[in-house]
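[1] Here is my input, please return the structure:
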Amino acid sequence: MSFSAIFVQLLNGLASASSLFLVAAGLSLIFGVTRIVNFAHGSLYMLGTYTAYSLVQWFGGGIPGFWSGVLLSGVIVGLFGALVERLLLRRLYHAPELLQLLATFALVLIISDFTLWAWGPEDLLGPRAPGLAGAISIAGRRFPEYDLFLILLGPLVLGLLWLLLTRTRWGTLVRAATEDREMAGALGVNQAWLFTSVFALGSFLAGLGGAIQIPREPAVLTMDLSILSDVFVVVVVGGMGSIPGAFLAAVIIGVLKAMCIGIGNVHAFGIDFSFSKLTLVVEFIVMAVVLVIRPWGLFGRSQGAPRAASTEPPLNLPSPALQKLLLAGLIMLALLPLASDRYTLVLMTDILVFALFAVSLHFIMGPAGMHSFGHAAYFGLGAYAAALLFKHVLPMELALALAPFAAGLGALLFGWFCVRLSGVYLAMLTLAFAQIAWSVVYQWDSFTGGSNGMVGVWPAQWLASKTTFYYLALVLCAGGTMVLWRILYSPFGYGLRAGRDSPLRADAIGIDVRRQQWLGFALAGTFAGLAGAVYAFSKGSISPDALSIPRSVDGLVMVLMGGIQTLTGAVAGAAVFTWLQDSISRQTEFWRALLGGIILFLVLVFPQGIAGFIRERWEARSGRSEA
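    Sure, this is the predicted structure:
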């Protein structure tokens, strides 16, 4: 690769970094002040792109029309963000952080279908920027003028944000709230308006970042989640809440991805290296390396020694009445095939699978206090291990039995690094490892089938009937759920909770907190792998979607919908979410918006989750009966 080609790819990476920095700076500002991990930030970026496309078309050609449309798009998205903060998120500031995340995920679904309704499913490519539509010669190669403008825009925005945050009273208040939100409120800072203004500015930057992309990339309906993963990486690598860190991380990620594309395939030592394939995962590799070496990011600050967390209400053993109710539920599930059709059995099998998947995630999120954004990695590893063992080596029964241990080994490996972190950084490292695993599966065509996945993964002949396989799924998934619940009330489970509530005290009384968390992580991965293995044989095929970010998000939604502080919450959340997703998707094209609206309703009305609400009503009724 010549020097001129390398230099041009470097410029391409810098141009991409500018747009990425705008979006990441907005997310970093919002998190720094409000502490909300805004899953809808990528949706704001997408809205900016689509809105800019329409406004530029409406204003007509010419420099004034183009730039008016771009800037006005950012303003509109900023106002929309302020409205969301005032009407929705303001009601949730005192709710658990994960509940806020669930609310922003519901917004993702709603905005996605609104975009589909307003602009249709077709890709939309905006016009070239007037006055910057040409190209200039650099190092003997042609380079777009608009990309040069973007290279200058990033440092300009960085400078303006620096002036705003260091030379204005509003910036002083933002920095004070970032350092200590409670103290800023105690000193008389109007937190409500400060949060609204920060959310508006962060949304404006996201919308502007999307708007400036219209001459370079088409507006597509999947761009929200694709940019969101990159933005999360940039914010975490740079250090949560650090604008300079976000700028440096955006430059690193943008340049590395551009270089991987430019280098392409290299033959060395008799081996072909495809650097272009690394573009799918290079940012997650960077994030994993940075977090392992510097857990708080490049410009972030160490959180110091772990402090005692606010102790959550205990997970009580089921009362005798609840135990009878659970037993009755199992009996009903066992009798279900007698009064159900084939479709219902398939749906119930899915519910059983995702119930175990959700329970395994709850196992490390609730009692262990380790939030994971990449739990689908172990679900997918179990599914692929079952498929590969069955297709190449073993009969179905042995493949199903051994597959969970393959997922457990993956969790053991990844968990060794993850348990050294906490909070958002731990969650993002789990996401990085999940995305790395997904990339390997997605691109290893000769072994995993690549993007096409694997087909012909059918159960043994004696399990070919949907009824028989349903009973197998019931035994394995219900049994796995009960084993995990039993572990929670063993000395190991109590040790996990002690490490969550007060790591220093737990360490002082002789509990090896990190070792406990590591083993808990491996256990959760093993049972998620069991769910994945059952899923693979129930569908007869498996694809990389099983390890994807949306699958991990589905698991989070299930746990949070049901209630993280209840034993049966994950099961209830998985059942409701899977049933809603199936039934609503068959009724309307805009099922995501309807599902998002239902999730928002549940968040606002039942903040303790479905099972948590039922438990409260049950306890209140029992109290009245005893009185």
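[2] all strands of the stretch 401-550 of the chain, in order?
    Here the stretch 401-550 of the chain has its strands, by DSSP state E, counting those that start in this stretch, at 454-455, 541-542.
[3] try the chain
    135-138, 141-144, 265-268, 271-274, 454-455, 541-542 (DSSP state E).
[4] which regions of the stretch 451-600 of the chain lie under the pLDDT threshold?
    Nowhere does the stretch 451-600 of the chain drop to pLDDT under 70.
[5] For it, which segments count as helices?
    For the stretch 451-600 of the chain, applying DSSP state H, counting those that start in this stretch gives helices covering 466-488, 491-501, 503-508, 513-539, 549-562, 569-585, 591-605.
[6] now these as TSV including distance to Tyr53 and mean neighbour count?
    Glycine gets a C-beta too; all of them are placed from N, C-alpha and C. Listed next are those as TSV, based on distance: least, Cβ to Cβ, whole Å; neighbours: other Cβ atoms under 10 Å:
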stretch	distance to Tyr53	mean neighbour count
helix 466-488	46	18
helix 491-501	47	20
helix 503-508	50	15
helix 513-539	38	25
helix 549-562	25	24
helix 569-585	28	21
helix 591-605	21	18
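[7] With respect to Ala5, which of those helices lies nearest?
    Ala5 lies closest to helix 549-562 among those, at 32.4 Å (Cβ to Cβ).
[8] Against which helices or strands is that closest one packed?
    helix 97-119, helix 223-238, helix 342-365, helix 376-392, helix 423-443, helix 569-585, helix 591-605, helix 610-626 (3 or more Cβ pairs under 8 Å, 6 or more residues apart in numbering; DSSP states H and E).
[9] Mind giving me the packing neighbours of the second one?
    The one in question is helix 223-238. So helix 223-238, by 3+ Cβ pairs under 8 Å, 6+ apart, packs with helix 3-34, helix 41-59, helix 97-119, helix 243-263, helix 282-293, helix 423-443, helix 549-562.
[10] between that helix and helix 282-293, how many degrees?
    30 degrees (axes from the mean of the first three to the mean of the last three Cα atoms, to 10 degrees).
[11] mind listing what's buried in helix 223-238?
    Of all the residues in helix 223-238, those buried under the rule 16 or more other Cβ atoms under 10 Å are 223-225, 227-238.
[12] Closest one of the residues you listed to Val440?
    Using Cβ to Cβ, Ser229 comes nearest to Val440 of these, at 16.4 Å.
[13] Okay, that closest one and Met287: tell me how far apart.
    Here Ser229 is placed at a distance of 10 Å from Met287 (Cβ to Cβ, to the nearest Å).
[14] And for Ala334?
    Distance from Ala334 to Met287, by Cβ to Cβ: 46 Å.
[15] quick one on the thing from earlier: distance to Arg301 added to the helices of the stretch 451-600 of the chain, as a markdown table?
    Compiled in a markdown table, the helices of the stretch 451-600 of the chain are given as follows (distance: least, Cβ to Cβ, whole Å):
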| stretch | distance to Arg301 |
| --- | --- |
| helix 466-488 | 34 |
| helix 491-501 | 23 |
| helix 503-508 | 19 |
| helix 513-539 | 22 |
| helix 549-562 | 27 |
| helix 569-585 | 34 |
| helix 591-605 | 31 |
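[16] Quick check: which of those helices is nearest to Gly382?
    With respect to Gly382, and counting by Cβ to Cβ, the nearest of these is helix 513-539 at 2.7 Å.
[17] what's the spacing between that closest one and its chain's center?
    Relative to the centre of its chain, helix 513-539 is centred 18 Å away, using Cα atoms, centre = their mean, to the nearest Å.
[18] mind listing what the nearest residue to Gly297 once chain neighbours are set aside touches?
    Of all residues not flanking Gly297 in the chain, Gly239 sits nearest, at 3.3 Å (Cβ to Cβ, 6 or more residues apart in numbering). By Cβ atoms under 8 Å, 6 or more residues apart in numbering, Gly239 lies in contact with 245, 296-301.
[19] let's see 7 Å
    Residues counted as contacts of Gly239 (Cβ atoms under 7 Å, 6 or more residues apart in numbering) are 245, 296-300.
[20] And it, its phi and psi?
    The phi/psi pair for Gly239 (degrees, to the nearest 10) reads phi 110, psi 120.
[21] again, but for Ala95
    Phi and psi for Ala95, reported as degrees, to the nearest 10, are phi -90, psi 160.
[22] Check the burial of it by counting its neighbours.
    Other residues near Ala95 number 16, with proximity taken as other Cβ atoms under 10 Å.
[23] now this structure, which segments are flagged as low pLDDT?
    1-3, 180-182, 185, 187, 264-276, 302-319, 618-627.
[24] Domain boundaries for it, per the record?
    Per the record, the chain has its domains at 3-264+272-293, 345-622, by automatic domain parsing.
[25] Chain neighbours aside, what residue packs nearest to Ala377?
    Spatial nearest neighbour of Ala377, chain neighbours left out: Ala434 (3.8 Å); criterion: Cβ to Cβ, 6+ apart.
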